[in-house]
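In: what's the 3D shape of this:
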Amino acid sequence: MFHVKHSQETKLIVLTGPTASGKTKLAVQLAQAIGGEIVSADSRQVYRGMDLGTGKDLAEYQDVPYHLIDILDPSESYSVSQFQQQASAAIQDIRSRAQVPILCGGTGHYIKALLQGYRFDHPAHNPYFSAFLESLPHDLLLGFHRHLGLEGPTDSNRRIARQIEKTYTQQNEAAKTENLLLNPLVYALRPDRKRLREKIKQRLDLRIEQGLVEEVQRLLGEGVSAQQLRKFGLEYRWVTDHITENLPLEAMKQSLCQGICQFAKRQETFFRYMEKEGIPIQNCPDIEQLTAEVAHWLSGTPRKHSLPDPPSS
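Out: Numbering: from 1, shown residues only. Predicted coordinates:
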């Protein structure tokens, strides 16, 4: 649970489900009906230039504002702790403008970390900040080290810089999360598995027609390494093999479709795990009923936050 200084809750709508289940379309319809803005919970849509492979479908958002999409270059790293911080900030910003935050995506670990206010004991490394600190004179770093009351080793700029970076990151994390208590209403789309497999295949065929292979070729041409693209998995792994290893197109499509279906199954397994961990998830109804339920919930008396405390490590 988020550590807070006041009892005011922030209501949050969550729409999740496996890939190709129609989350974005439903989230957009809901946002238009209730005055909402969408916060993406997708670990790959944060990257610019990776559009077809991640299924951004930006045109589908129409006039609905969205957050945490196209914020990084593919060469940059991104972690669940960064998502937690940035999603919290986006939700607070949306509420400050009297709009409704709608968290939409299928990266279950991101959603779970945000809803449970998971406290990360080891903040994500910021190579740019660390490099800046390391470039400072040793005596100046020693002064910062003493000022912060740190007790770690001081025999190198690198060690001092990492200690200072950790201290500032931990302080920033606490400042960004201590005032946010989430009261979530969580829905999951759970389509029939056979129908979902058909949708996955149809969507893959469409994305290849729209230029998925050309997108990966462009990324390679812009200097993103084949090794880095393979780390993004699924579409980027198999299409990169098609381009660089002469994997036949039909064999690539077959392997990729199978991989996406397996990924969807793992997503559904994780959602069940979230429920066992105490996060209540409702089956998502059609848009009319969903809008009515959400509107009633938003206008009702705030309920108590029922999520369990996160693990300590």
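In: Break down this structure into its helices, ranges please.
Out: 23-34, 80-96, 108-115, 127-134, 138-147, 157-177, 193-210, 212-221, 226-231, 234-244, 249-276, 287-299 (DSSP state H).
In: Output the fourth one as PDB - backbone C-alpha positions only.
Out: Read it as helix 127-134. Provided in PDB are the C-alpha atoms of helix 127-134 (Å, rounded to 0.1, in the frame of the first residue of the first chain):
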ATOM      1  CA  PRO A 127      23.600   6.200 -16.400                       C
ATOM      2  CA  TYR A 128      23.400   9.900 -17.400                       C
ATOM      3  CA  PHE A 129      23.200  11.200 -13.800                       C
ATOM      4  CA  SER A 130      25.900   8.800 -12.700                       C
ATOM      5  CA  ALA A 131      28.200   9.800 -15.500                       C
ATOM      6  CA  PHE A 132      27.700  13.500 -14.600                       C
ATOM      7  CA  LEU A 133      28.600  12.800 -11.000                       C
ATOM      8  CA  GLU A 134      31.700  10.800 -11.900                       C
END
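In: pLDDT of that helix, averaged?
Out: Mean pLDDT, taken over the full extent of helix 127-134, equals 74.
In: so where is the stretch 51-200 of the chain shaky, pLDDT-wise?
Out: For the stretch 51-200 of the chain, the stretches with pLDDT under 70 are 120-128, 169-180.
In: picking that back up, can I get the helices of the chain in CSV with distance to residue 49 and mean neighbour count?
Out: Bear in mind the C-beta positions are built from the backbone N, C-alpha and C, glycine included. Listed next are the helices of the chain as CSV, based on distance: least, Cβ to Cβ, whole Å; neighbours: other Cβ atoms under 10 Å:
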stretch, distance to residue 49, mean neighbour count
helix 23-34, 19, 20
helix 80-96, 19, 19
helix 108-115, 21, 22
helix 127-134, 20, 14
helix 138-147, 37, 13
helix 157-177, 28, 17
helix 193-210, 15, 15
helix 212-221, 6, 17
helix 226-231, 11, 15
helix 234-244, 11, 22
helix 249-276, 19, 16
helix 287-299, 31, 14
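In: With distance to residue 40 as extra columns, can I get the ones you listed in CSV?
Out: CSV is the format used below for these (distance: least, Cβ to Cβ, whole Å):
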stretch, distance to residue 40
helix 23-34, 9
helix 80-96, 9
helix 108-115, 9
helix 127-134, 23
helix 138-147, 36
helix 157-177, 18
helix 193-210, 18
helix 212-221, 19
helix 226-231, 20
helix 234-244, 17
helix 249-276, 15
helix 287-299, 19
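In: So which of the ones you listed is nearest residue 51?
Out: Closest approach to residue 51 among these (Cβ to Cβ): helix 212-221, 6.6 Å.
In: List of residues touching the closest one?
Out: Under the criterion Cβ atoms under 8 Å, 6 or more residues apart in numbering, residues 49-53, 74, 226, 229, 235-236, 239-240, 242-244, 249 lie in contact with helix 212-221.
In: what angle sits between it and helix 234-244?
Out: 80 degrees (axes from the mean of the first three to the mean of the last three Cα atoms, to 10 degrees).
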